[in-house]
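> Output the structure for:
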Amino acid sequence: MDIVDGEMKIEKEYDQGFRVDHEGDDHQGRLPESSKIKKKKQKMATRCDQQYTTPPPPPPPPDLPIKFRKRIRALRGSDIALVIQKCLFKTDVSSDHNRLSIPFNQIRQTFLTPQETEFLNSGDNKKKCSEMEVMLIEPSLRRGTISLRKWEMKKASGSATSMYVLVGQWNSVAWRNALREDETVQLWSFRINSKLCLALVKRRAKSNGYFIEF
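Alright, predicted model coming up:
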């Protein structure tokens, strides 16, 4: 009867999460090894989930302001598309450089026709660089013209970076619209009778990560 009672006691203590060896030395408060391993794996899985959690995506770029859409509509423009949203570099507002860079790797969608792309590619990146005269609607809604070119910027390593640039009257555009380094701007494209036109919009960041126009 004592043996039976002992076996029942051992089973009961196992059920309560205690381990008792056959010599009667109890290890009170210790869980079975299988439970320890299971808990360890759960903690590791939790840390991995926290480490590789995908951060929330950035807010989408703001749409073209209504006043620009109205101006483009009044000109019978169509095919409006966002070309680039970028932070102005020092060289973008430097009078010595007189150009706005449009790096290829920041262009959001194709805005040139195959014929226009071929024409800009036909230059030799020197004095005979091919350029297109396009209409530009400035942030002030003033209309003018500006030259669009393709440049190959060579690096010290010997490789080259391709970009489009707005040149010619860019210094005047930057001065009239008080463009400053680190400001965010958008360049939009549209078409009037199939002819390429551009619109430049100034943006200002808000606390929630979105932008408003100046």
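
> what's near enough to touch residue 154?
residue 160 (C-beta atoms under 8 Å, 6 or more residues apart in numbering). In this view, the C-beta of every residue, glycine as well, is placed from N, C-alpha and C.

> swap that for residue 185, please
Contact partners of residue 185, counting by C-beta under 8 Å, 6+ apart, are 85, 86, 88, 139, 179, 200, 201, 202, 203.

> how does it look with 7 Å?
86, 88, 200, 201, 202, 203 (C-beta atoms under 7 Å, 6 or more residues apart in numbering).

> Check those for burial and list the buried ones.
86, 88, 200, 201, 202, 203 (16 or more other C-beta atoms under 10 Å).

> would you turn these into TSV with pLDDT, distance to residue 64 and secondary structure?
As requested, the buried ones among the contacts of residue 185 are exported to TSV (pLDDT from 0 to 100; distance: C-beta to C-beta, whole Å; DSSP: H, G, I helix; E, B strand; the rest coil):
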residue	pLDDT	distance to residue 64	secondary structure
86	95	16	strand
88	97	19	coil
200	98	11	strand
201	97	7	strand
202	95	13	strand
203	86	11	strand
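
> Columns distance to residue 115 on top of the contacts of residue 185, output as TSV?
Putting the contacts of residue 185 into TSV (distance: C-beta to C-beta, whole Å) gives the following:
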residue	distance to residue 115
86	26
88	30
200	24
201	27
202	31
203	32
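
> which stretches of the chain form helices?
2-15, 33-51, 66-74, 114-121, 170-176 (DSSP state H).

> worst average pLDDT in those helices?
For those, the weakest mean pLDDT is recorded on helix 2-15, namely a mean of 48.
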